[in-house]
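In: take a look and give me a structure for this.
(4 chains)
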There are 2 protein chains.
Amino acid sequence: MATTTQAVTEVPARSAEKEARGGSSAYLKLREAIVDGRFQPNERLVEADLARTFGAGRTAIRAALVRLDQEGLVERQPNRGARVRLVSDREALEIEEVRVALEQMLARHAATRITPGNVRSLRQILEEMTARVEAGDPLGYSELNSRFHEMIWAIADQAVASTLVANLKSQSIRFQYRTILQPGRPDRSLREHSTIVEALASRDPDRSEAAMREHLSRVVETLKQAIARHHTR
Amino acid sequence: MATTTQAVTEVPARSAEKEARGGSSAYLKLREAIVDGRFQPNERLVEADLARTFGAGRTAIRAALVRLDQEGLVERQPNRGARVRLVSDREALEIEEVRVALEQMLARHAATRITPGNVRSLRQILEEMTARVEAGDPLGYSELNSRFHEMIWAIADQAVASTLVANLKSQSIRFQYRTILQPGRPDRSLREHSTIVEALASRDPDRSEAAMREHLSRVVETLKQAIARHHTR
DNA sequence: GGACAATCGATTGTCGACAATTCTATGCAC
DNA sequence: GTGCATAGAATTGTCGACAATCGATTGTCC
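Out: As a prediction, the model looks like this:
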């Protein structure tokens, strides 16, 4: 559907259906632009300019900015305008830790609700992921990785938690690519995902939660290392 | 400062400092009114009316509504206005489950950072809580309970997670009173809190996380029962 | 030359008015 | 009476204009 450069099929906040028709609404356009990194970090967002470039009125832009501010993608200071919010390394880590906590919980719930059909679907994604790793295609892998986790969210059937993680993801998105590019990470990641599927298939909440925790904790660790490296060079 | 009937010192979203001066800004006023339950559930929120009652322009009200919509306290439908969002029993449970996940994580982090001074403060709150239980004052207890948890958040020093739970709380606030009023609950709750403090004092992340999970899981259980009872009468 | 004050341009915040849309009530046919 | 179309009221969405505020530049004094 979306023709972005990054392979990210994003759940836009809480209102996929609200503004149904094709990507209109200043909010969606602006959001996409920010998430895709089409603005410099910390770049000033002047309402009049945005209105012109997105072909919308200043009113609509204004509403969009308020919303994006609340969402954490943009920072607004009274009388001083809005900037795209720069997520610090520290904050990126914090976000990832929250993700760990929530996805753990979601895995636990998924374990009690999963069906044989769900298991099949997950295994299928796993196979495709293997193929991408062998083909040396980190971007495709990343896309499948998202699909994998989103499917677990769907199985868990916890709307509140799912919405939260989805929003979190968009905030840290610019950092994610860092982790999968680490040497040796793809193979490991694959094994971890496989463990998760087995745990879920056994319908064991504790095992599933533990497997997810194990996986995401390693992601956090990898991120920490990546940041440390990035910081000292 | 606030002259509300409920004893809730709420953290207003992410911007305590933004609108510093005394409770002005349509957003804060409206938020307080909703959280305090000054509107009927599902009541329509007409912009013009709100503007008059809060002494603000329609523009300001509009911005506030957008923000509250994003925050989940209000529901806006295009061309059809805004209503105070009715959180279903189902959703209240989901919210509480998310809270479990996040507070677990926060307890874990708090355990690694807690100081002797922090322990003293927590023990002090615990004592006051005991006094309130003996005095049969559930409202005062509830207030202290909030203080207790908020202190743990502060110790954990995880801004992202703390902001999220704080926002969650405001959504489910109308349900909270239900749990503590259950017979036998106060004593139990007290013991659970005590266990949490001991675990934190030992600086053991696993124990602390487990203690918090234990505590909040019981809260969820109690809520489930309260809802079931409320539903079948 | 450097610190400080005044000025100007740019940008945000707010208001009022009007267009677009939805909701309500009335009238009419059957 | 019920169903349906229509008119009118109420409400939201959007625009343009203007006031308030901020940042930077310029000018002045020591």
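In: what are the ranges of the strands in chain A?
Out: A:44-45, A:74-77, A:81-84 (DSSP state E).
In: now mean pLDDT, distance to chain B and mean neighbour count too, for those strands, in JSON lines please.
Out: Placement of C-beta: from N, CA and C, glycine included. As requested, these are arranged in JSON lines below (pLDDT from 0 to 100; distance: least, Cβ to the nearest Cβ, whole Å; neighbours: other Cβ atoms under 10 Å in any protein chain shown):
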{"stretch": "strand A:44-45", "mean pLDDT": "95", "distance to chain B": "16", "mean neighbour count": "16"}
{"stretch": "strand A:74-77", "mean pLDDT": "94", "distance to chain B": "8", "mean neighbour count": "17"}
{"stretch": "strand A:81-84", "mean pLDDT": "94", "distance to chain B": "13", "mean neighbour count": "18"}
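In: and these as a markdown table, adding distance to B:Glu103?
Out: Listed next are the strands of chain A as a markdown table, based on distance: least, Cβ to Cβ, whole Å:
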| stretch | distance to B:Glu103 |
| --- | --- |
| strand A:44-45 | 35 |
| strand A:74-77 | 27 |
| strand A:81-84 | 31 |
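In: between those, which one is nearest to A:Glu91?
Out: With Cβ to Cβ as the criterion, A:Glu91 lies closest to strand A:74-77 of those, at 12.0 Å.
In: return the distance of A:Arg188 relative to DNA strand D.
Out: Separation of A:Arg188 from DNA strand D (Cβ to the nearest atom of the strand, to the nearest Å): 47 Å.
In: so what's the residue nearest to A:Thr112 when sequence neighbours are not counted up against?
Out: Spatially, and ignoring its direct neighbours in sequence, A:Thr112 is nearest to A:Pro205 (5.9 Å; Cβ to Cβ, 6 or more residues apart in numbering or on different chains). Neighbouring residues of A:Pro205 by Cβ atoms under 8 Å, 6 or more residues apart in numbering or on different chains: A:108-109, A:111-112.
In: repeat that for 6 Å
Out: When contacts are counted by Cβ atoms under 6 Å, 6 or more residues apart in numbering or on different chains, A:Pro205 touches A:108, A:111-112.
In: among the residues you listed, name the ones in helices.
Out: Assignment to helices by DSSP state H places the following of the contacts of A:Pro205 there: A:108, A:111-112.
In: on that earlier part again, what's the ChimeraX syntax to select whichever of the contacts of A:Pro205 are buried?
Out: In ChimeraX, this line selects whichever of the contacts of A:Pro205 come out buried by 16 or more other Cβ atoms under 10 Å in any protein chain shown:
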select /A:108,111
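In: of the contacts of A:Pro205, closest to chain B?
Out: A:Arg108 (8.9 Å; Cβ to the nearest Cβ).
In: surely that closest one and A:Arg207 touch.
Out: No. Assessed by Cβ atoms under 6 Å, A:Arg108 is found out of contact with A:Arg207, at 9.6 Å.
In: still on that earlier bit, closest to A:Gln225 among the contacts of A:Pro205?
Out: A:Arg108 (27.8 Å).
In: give me the pLDDT value at the closest one.
Out: What the model reports for A:Arg108 is a pLDDT of 98.
In: A:Arg76 and A:Arg83 touch, don't they?
Out: No. Using Cβ under 6 Å, A:Arg76 makes no contact with A:Arg83, being 8.1 Å away.
In: how close does A:Arg185 get to DNA strand C?
Out: For A:Arg185, the distance to DNA strand C - Cβ to the nearest atom of the strand - is 41 Å.
In: what number of residues lie near that residue?
Out: 16 (other Cβ atoms under 10 Å in any protein chain shown).
In: and the closest residue to it other than its chain neighbours, what's its pLDDT?
Out: Once flanking residues are discounted, A:Arg185 sits nearest to A:Thr222: 6.1 Å by Cβ to Cβ, 6+ apart. pLDDT for A:Thr222: 88.
In: what about A:Thr222, neighbour count?
Out: Counted with other Cβ under 10 Å, A:Thr222 comes out at 20.
In: and what of the one 5 residues further on?
Out: A count of neighbours around A:Ile227, defined by other Cβ under 10 Å, yields 18.
In: so how far is A:Arg191 from it?
Out: 24 Å (Cβ to Cβ, to the nearest Å).
In: what's the answer for A:Ala56, then?
Out: On the measure of Cβ to Cβ, A:Ala56 and A:Arg191 end up 47 Å apart.
In: which one's more surrounded, the two?
Out: Set side by side, A:Ala56 and A:Arg191 show more neighbours around A:Ala56, with 20 against 11, by other Cβ under 10 Å.
In: in this structure the more buried one contacts A:Ala26, no?
Out: Yes. Between A:Ala56 and A:Ala26 there is a contact under Cβ under 6 Å: 4.1 Å.
In: ok, now which ones touch the residue nearest to A:Met212 when sequence neighbours are not counted?
Out: Leaving aside its sequence neighbours, A:Met212 sits nearest to A:Ala107 (Cβ to Cβ, 6+ apart; 3.8 Å). Taking Cβ under 6 Å, 6+ apart, we find A:Ala107 in contact with A:208-209, A:212.
In: which among these gets closest to A:Pro41?
Out: Closest to A:Pro41, out of all of the contacts of A:Ala107 and judged by Cβ to Cβ, is A:Met212, at 30.4 Å.
In: next one: the residue in chain A sticking out farthest from the centre from B:Glu71, what distance?
Out: The C-alpha centroid of chain A is most remote from A:Asn79, which lies 31.5 Å away (Cα atoms, centre = their mean). A:Asn79 sits 23 Å away from B:Glu71, going by Cβ to Cβ.
In: same thing with A:Val100?
Out: Counting by Cβ to Cβ, the gap from A:Val100 to B:Glu71 is 24 Å.
In: the ones in helices among the contacts of A:Pro205 into TSV, with extra columns for distance to B:Asp137?
Out: Compiled in TSV, these are given as follows (distance: Cβ to Cβ, whole Å):
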residue	distance to B:Asp137
A:Arg108	36
A:Ala111	41
A:Thr112	39
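In: close to DNA strand C: what parts of chain A are there?
Out: A:44-48, A:58, A:62, A:76, A:78-82 (Cβ under 7 Å from any atom of the strand).
In: now the two most distant members of these.
Out: Every pair of the residues of chain A next to DNA strand C checked by Cβ to Cβ; the farthest is A:Ala48 and A:Pro78, at 17.8 Å.
In: got the residues of chain A near DNA strand D?
Out: A:56-60, A:63, A:78-80.
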